[in-house]
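S.K.: Sequence plus predicted model, see below.
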Amino acid sequence: MAAGKALREKTHRQTHATFVRDETRVDPLAILRAGDAGRIEHLVPIRYGRMLQSPFTFYRGSASVMAADLAGTPVTGVNVQICGDCHLMNFGGFATPERNILFDMNDFDETLRGPWEWDIKRLVASFVLAARSNGLKESNGRDAAVACARSYRKHLHAYSEMSPLEIWYSRITAADVLDLAPRSERTRLEARIAKASAANSSEMVYPEMAGMAGGRIRIHDAPPLIYHLTDLSAEVLSDRINAGLEAYRATLAEDRRELLDRYRLVDGAMKVVGIGSVGTFCYVTLMMSATNDPLFLQWKEARPSVLEPFAGKSTYAHSGQRVVMGQRLMQPATDVFLGWTTGVEGRVGYVRQLRDAKIKPLVETMDSTLLTLYGELCGWVLARAHSKAGNIQMTITGYLGTSDKCDDAMGDFAVAYADQAERDHAALKAAVRAGEITVVTED
């Protein structure tokens with residue numbers, strides 16, 4: 001811890017409080033437009049339509065903009081595997097291979113080795129924007145951000161007293177979440193957890209996504225969000241999907257290959273997901289067992305992390321492998337079908353089950369009390385993930401100390417950067433009004 005404490009001389013904790021916008025800042029819309037390269041052209045307006053909804057949705061879709069901004073902020077020089085897009089909507093409940101429900105991060109598209117500060121700063125700013133989106137008091141957003149930073153600091157201290165094996169086995173369970181939740185919310189949470197635990201996710205998804213059509217099982221088209229590719233013949237498309245499946249299969253452990261081999265390919269379709277990911281290649285394949293039990297696998301394109309221009313290139317040449325290895329390192333347990341491939345249209349990506357017992361946080365319904373508690377929970381998750389991924393908890397704990405100096409600094413940063421996100425969102429609105437950016441809005 002002494003090494004961490006010594007870092008305060010180089011990077012004072014109070015310096016994390018500010019975000020300074022100067023004349024050298026790159027135009028955020030130019031960054032976003034640069035990120036359109038290689039995306040599926042007719043889907044890009046949907047991306048901007050979703051970002052246009054509010055400063056909060058803009059923030060969620062603009063990880064590349066914040067990456068450029070974070071590159072100019074103070075850091076201690078302590079690096080670890082980071083999420084890279086660590087906002088509060090990229091956390092939630094999911095099922096482990098043993099079908100237990102855990103609460104953790106669930107999006108690693110931008111994961112890379114980089115400064116620990118970048119994750120916590122992106123996370124705390126998201127709480128201020130969420131509070132504003134919910135119509136809460138300005139102080140409520142900052143309070144939630146400070147609670148998140150405080151929880152991160154205190155749980156890092158707890159992990160600094162554990163052995164590497166204890167950290168590796170640690171997890172935040174459904175019971176932990178229920179213990180933290182207010183009594184008034186527990187019944188509703190218990191019902192959501194029970195529903196997620198009870199059934200196979202693919203069986204739950206099947207009725208809404210697929211059914212018999214023309215004498216065979218097909219994924220339902222719901223354009224522009226779900227649609228079959230028509231620019232390739234059925235034979236060519238099938239060959240490419242099967243080649244992608246074979247490449248993906250090789251990335252799985254032998255026992256999981258055996259499990260995958262018990263399913264056959266039935267159909268596949270494009271699916272639009274998220275905000276920042278809209279326009280990247282996302283393909284869902286429907287697999288069936290010999291007894292017609294469904295399995296939906298999601299193939300998601302993995303582009304180079306938005307952090308790479310500032311933190312350095314990944315050690316993995318294949319971006320899908322970068323995502324998978326980062327997820328395995330940071331999460332306490334991962335999907336049995338998690339792997340990577342080069343798929344349809346030659347795009348590199350990763351594969352996982354579609355919506356495997358996921359429990360999405362209902363952030364839009366949270367009042368100030370729930371948002372603050374959720375901040376504490378997310379701070380805990382981030383401390384666990386950084387401790388597992390990099391064994392840097394003692395150094396960061398020494399740096400953060402036991403006072404609230406850095407907690408308050410992060411709260412101030414969160415407000416300052418939320419203000420910047422609102423200005424950037426206003427710039428997007430102006431560009432749309434001027435006809436410079438085309439959007440498609442959804443009902």
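M.R.: Yes, it's here. Numbers count the residues shown, from 1 in each chain.
S.K.: Show me what residue 219 is bridged to.
M.R.: Beta-bridge pairing for residue 219 (DSSP bridges): residue 210.
S.K.: Report pLDDT for it.
M.R.: Residue 219 carries a pLDDT value of 94.
S.K.: what residues are up against the closest residue to residue 25 other than its chain neighbours?
M.R.: Among residues not flanking residue 25 along the chain, residue 69 sits closest, at 7.3 Å (Cβ to Cβ, 6 or more residues apart in numbering). In this view, the C-beta of every residue, glycine as well, is placed from N, C-alpha and C. The contact partners of residue 69, by Cβ atoms under 8 Å, 6 or more residues apart in numbering, come to 19, 25, 417, 420.
S.K.: Generate a ChimeraX selection restricted to the buried entries among those residues.
M.R.: Per 16 or more other Cβ atoms under 10 Å, the buried members of the contacts of residue 69 correspond to this ChimeraX selection:
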select :19,417,420
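S.K.: what's the closest of the contacts of residue 69 to residue 346?
M.R.: residue 25 (35.3 Å; Cβ to Cβ).
S.K.: Can you check the pLDDT for that closest one?
M.R.: So residue 25 comes in at 92 (pLDDT).
S.K.: So, low pLDDT: which residues of the stretch 51-200 of the chain?
M.R.: Under the criterion pLDDT under 70, the flagged ranges of the stretch 51-200 of the chain are 198-200.
S.K.: would you list every one of the helices in it?
M.R.: 55-60, 63-70, 116-133, 138-160, 164-169, 174-180, 183-198 (DSSP state H, counting those that start in this stretch).
S.K.: Can I get these in a markdown table including distance to residue 443?
M.R.: Shown next, in a markdown table, are the helices of the stretch 51-200 of the chain (distance: least, Cβ to Cβ, whole Å):
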| stretch | distance to residue 443 |
| --- | --- |
| helix 55-60 | 15 |
| helix 63-70 | 26 |
| helix 116-133 | 19 |
| helix 138-160 | 29 |
| helix 164-169 | 45 |
| helix 174-180 | 32 |
| helix 183-198 | 25 |
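S.K.: so which of those gets nearest residue 280?
M.R.: helix 63-70 (12.6 Å).
S.K.: Can I get the contacts of residue 69 in a markdown table including secondary structure and distance to residue 65?
M.R.: A markdown table is the format used below for the contacts of residue 69 (DSSP: H, G, I helix; E, B strand; the rest coil; distance: Cβ to Cβ, whole Å):
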| residue | secondary structure | distance to residue 65 |
| --- | --- | --- |
| 19 | coil | 12 |
| 25 | coil | 10 |
| 417 | helix | 11 |
| 420 | helix | 9 |
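S.K.: Name the stretch among the helices of the stretch 51-200 of the chain that sits most buried.
M.R.: Among the helices of the stretch 51-200 of the chain, helix 116-133 has the highest mean neighbour count (mean count of other Cβ atoms under 10 Å), at a mean of 27.
S.K.: What angle do helix 138-160 and that one make with each other?
M.R.: If you take axes from the mean of the first three to the mean of the last three Cα atoms, to 10 degrees, helix 116-133 sits at 150 degrees to helix 138-160.
S.K.: from the middle of its chain, how far away would helix 116-133 be?
M.R.: 13 Å (Cα atoms, centre = their mean, to the nearest Å).
S.K.: so who does the closest residue to residue 197 other than its chain neighbours touch?
M.R.: Spatially, and ignoring its direct neighbours in sequence, residue 197 is nearest to residue 101 (5.6 Å; Cβ to Cβ, 6+ apart). With contacts defined as Cβ under 8 Å, 6+ apart, residue 101 is in contact with 93, 94, 95, 173, 174, 193, 196, 197, 357, 359.
S.K.: Also residue 41?
M.R.: Contacts of residue 41 by Cβ under 8 Å, 6+ apart are residue 279.
S.K.: Retrieve the pLDDT associated with it.
M.R.: Value for residue 41, per-residue pLDDT: 95.
S.K.: now swap in the one 4 residues further on and tell me
M.R.: We have a pLDDT of 97 for residue 45.
S.K.: just residue 436 next, same as before
M.R.: Note on residue 436: pLDDT of 97.
S.K.: What distance do you get for it to residue 76?
M.R.: 40 Å (Cβ to Cβ, to the nearest Å).
S.K.: Could you do residue 147 as well?
M.R.: 22 Å.
S.K.: and what of residue 336?
M.R.: 37 Å.
S.K.: can you check residue 373 too?
M.R.: Distance of residue 373 to residue 76, given as Cβ to Cβ: 29 Å.
S.K.: repeat for residue 224
M.R.: Applying Cβ to Cβ to residue 224 and residue 76 gives a distance of 45 Å.
S.K.: What's opposite residue 271 in the beta bridge?
M.R.: The partner residues for residue 271, given DSSP bridges, come to residue 226.
S.K.: Surely it touches residue 297?
M.R.: No. Residue 271 lies out of contact with residue 297 (Cβ atoms under 8 Å); the separation is 11.3 Å.
S.K.: circling back: list just the one of the helices of the stretch 51-200 of the chain that sits closest to residue 276.
M.R.: Nearest of the helices of the stretch 51-200 of the chain (Cβ to Cβ): helix 63-70, 5.7 Å.
S.K.: what angle sits between that closest one and helix 116-133?
M.R.: 120 degrees.
S.K.: Which parts of the stretch 201-350 of the chain are helices?
M.R.: 201-209, 234-249, 254-260, 308-311, 319-330.
S.K.: Go through these and pick out the most buried.
M.R.: For those, the largest average neighbour count (mean count of other Cβ under 10 Å) is found in helix 319-330, namely a mean of 22.
S.K.: what helices or strands is that helix leaning on?
M.R.: Where contact means 3 or more Cβ pairs under 8 Å, 6 or more residues apart in numbering; DSSP states H and E, helix 319-330 is packed against strand 79-82, strand 339-342, strand 348-353, helix 368-390.
S.K.: Tell me which of the ones you listed sits nearest to residue 306.
M.R.: strand 79-82 (11.8 Å).
S.K.: in that closest one, what counts as buried?
M.R.: Those would be 79, 80, 81, 82, for strand 79-82 by 16+ other Cβ under 10 Å.
S.K.: Quick one: residues contacting the first one.
M.R.: Under the criterion of Cβ under 8 Å, 6+ apart, the contact list for residue 79 reads 113, 114, 115, 116, 311, 390, 392.
S.K.: is it possible to export the residues you listed to CSV including distance to residue 440?
M.R.: Output for the contacts of residue 79, formatted as CSV (distance: Cβ to Cβ, whole Å):
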residue, distance to residue 440
113, 36
114, 33
115, 36
116, 37
311, 33
390, 41
392, 43
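S.K.: are any of the residues you listed buried, and which?
M.R.: Buried, going by 16+ other Cβ under 10 Å: 113, 114, 115, 116, 311, 390, 392, out of the contacts of residue 79.
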